[in-house]
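Trainee: Pasted the sequence and its predicted model underneath.
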Amino acid sequence: MKDKKFSAGAFILLQIALIIVSFGAVCSKMAGRQEFLSIPFFAFYGALILILFIYAILWQQILKRISLVVAYACRGIGIIYAILWGVLFFKEEITWKMIAGAVLVLIGVYIFIFGEIKNSKMKDENEEGSENA
Amino acid sequence: MLKFILVFLVSVLISSISQIILKKSAARKYDSLIKEYLNVRVIGAYAMFFLSTLLTMYAYTGVPLTLGALLESAGYIYIPLLSFIFLKEKITPRMVVGSLFIICGIIVYNF
């Protein structure tokens, strides 16, 4: 299984998947606010199931293109969308703790994938692929 | 409380193993797009994932939500470890540092 550690296409697909799944949390929270087993409850819960289904389909396509370790680490980016929708839809306030946490996560994801971008570029340029990371 | 924490960690482990199985499936060649999804690995992996969500729900009866979010980040340790063992992925020091940052970020975010 020779998969590229990093590909721009897979990364865009991953962002789309992360945005879609972040709406899942919104639906889940909205469902929790409705009267249990009411029509709006089923609407939001149904939307959540649909979102998870689409996410599962996209996730398999992502795994086909990049390594699991990298794809999994990138899920950390979802924290941004979580904060964004919290503010937009639920008027939640952003605390410094949240910003600091999100920044740390993003640094982590960056450290994680930056080496892979460099690696895959190096491999593209020379097929020999000298091992000096 | 300790029991619930352990159940939570096992649940995250099961869901991480399901990711490994999904990756194993994704690495194979299939005749059609449908078969990329309707095969033993993918269906089995999602069955495991479903089981892990039930376990997580049970664990949450004894674990506060903030601690849960932290315990969930154990995936950032399980996934590289399991990938190294079962997928023969190379784990670089960069990945270890990156994972530590992500986990620290989740701790800061939740506490």
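Mentor: Thanks, I have the structure now. Residues are numbered from 1 along each chain as shown, chains lettered A, B, ... in the order given.

Trainee: for the lengthiest helix in chain A, packing partners?
Mentor: As assigned by DSSP state H, the longest helix anywhere in chain A is helix A:96-125. Secondary-structure packing of helix A:96-125 (3 or more C-beta pairs under 8 Å, 6 or more residues apart in numbering or on different chains; DSSP states H and E): helix A:68-74, helix A:78-90, helix B:93-110. Backbone N, C-alpha and C define where each C-beta goes, glycine included.

Trainee: Pull out the buried positions in stretch B:75-91.
Mentor: Neighbour-count burial for stretch B:75-91, with 16 or more other C-beta atoms under 10 Å in any protein chain shown as criterion, is recorded at B:G75, B:Y76, B:I77, B:Y78, B:I79, B:P80, B:L82, B:S83, B:L87, B:E89.

Trainee: Ok, stretch B:49-65 next?
Mentor: Buried-residue list, stretch B:49-65, by 16+ other C-beta under 10 Å: B:F49, B:S52, B:L55, B:T56, B:A59, B:Y60, B:V63.

Trainee: I'd like the distance from the third one to A:L104, if you could.
Mentor: Spelled out, that is B:L55. As defined by C-beta to C-beta, to the nearest Å, B:L55 lies at a distance of 28 Å from A:L104.

Trainee: Which residue is the nearest non-sequential neighbour of the residue nearest in space to the middle of chain B?
Mentor: Central residue of chain B (C-alpha atoms, centre = their mean): B:S16, 2.6 Å from the mean position. Spatial nearest neighbour of B:S16, excluding adjacent residues (C-beta to C-beta, 6 or more residues apart in numbering or on different chains): B:Y78 at 3.8 Å.

Trainee: Next secondary structure element downstream of the longest helix seen in chain B?
Mentor: Criterion DSSP H: the longest helix present in chain B is helix B:2-26. Next in sequence after helix B:2-26, counting helices and strands by DSSP states H and E, comes helix B:33-37.

Trainee: does chain A sit close to that next one?
Mentor: Yes - looking at helix B:33-37 against chain A by C-beta under 8 Å from any C-beta of the partner chain, the contacts come from B:E36, B:Y37.

Trainee: which residues are contacting stretch A:73-89?
Mentor: Applying C-beta atoms under 8 Å, 6 or more residues apart in numbering or on different chains, the external contacts of stretch A:73-89 come out as A:11, A:14-15, A:18-19, A:21-23, A:25-26, A:92-94, A:98, A:101-102, A:105-106, A:108-109, A:112-113, B:76, B:95, B:98-99, B:102, B:105-106, B:109.

Trainee: mind redoing it with 7 Å?
Mentor: Stretch A:73-89 is contacted from outside by A:14, A:18-19, A:21-22, A:25-26, A:92, A:94, A:98, A:102, A:105, A:108-109, A:112-113, B:98, B:102, B:109, using C-beta atoms under 7 Å, 6 or more residues apart in numbering or on different chains.

Trainee: quick one: average pLDDT of it?
Mentor: For stretch A:73-89, mean pLDDT rounds to 92.

Trainee: Looking at stretch B:36-51 now, give me its mean pLDDT.
Mentor: The average pLDDT within stretch B:36-51 is 95.

Trainee: So for residue 13, what's the nearest residue that isn't a sequence neighbour?
Mentor: All of this is about chain A. A:I62 is the one closest to A:L13 (C-beta to C-beta, 6+ apart), at 5.4 Å.

Trainee: wrong one, chain B
Mentor: Among residues not flanking B:L13 along the chain, B:Y78 sits closest, at 5.7 Å (C-beta to C-beta, 6+ apart).

Trainee: Regarding the one you found, which helix or strand does it belong to?
Mentor: Here B:Y78 is assigned to helix B:75-86, by DSSP H and E.

Trainee: what's the angle from that helix to helix B:2-26?
Mentor: Calculated by axes from the mean of the first three to the mean of the last three C-alpha atoms, to 10 degrees, helix B:75-86 forms an angle of 50 degrees with helix B:2-26.
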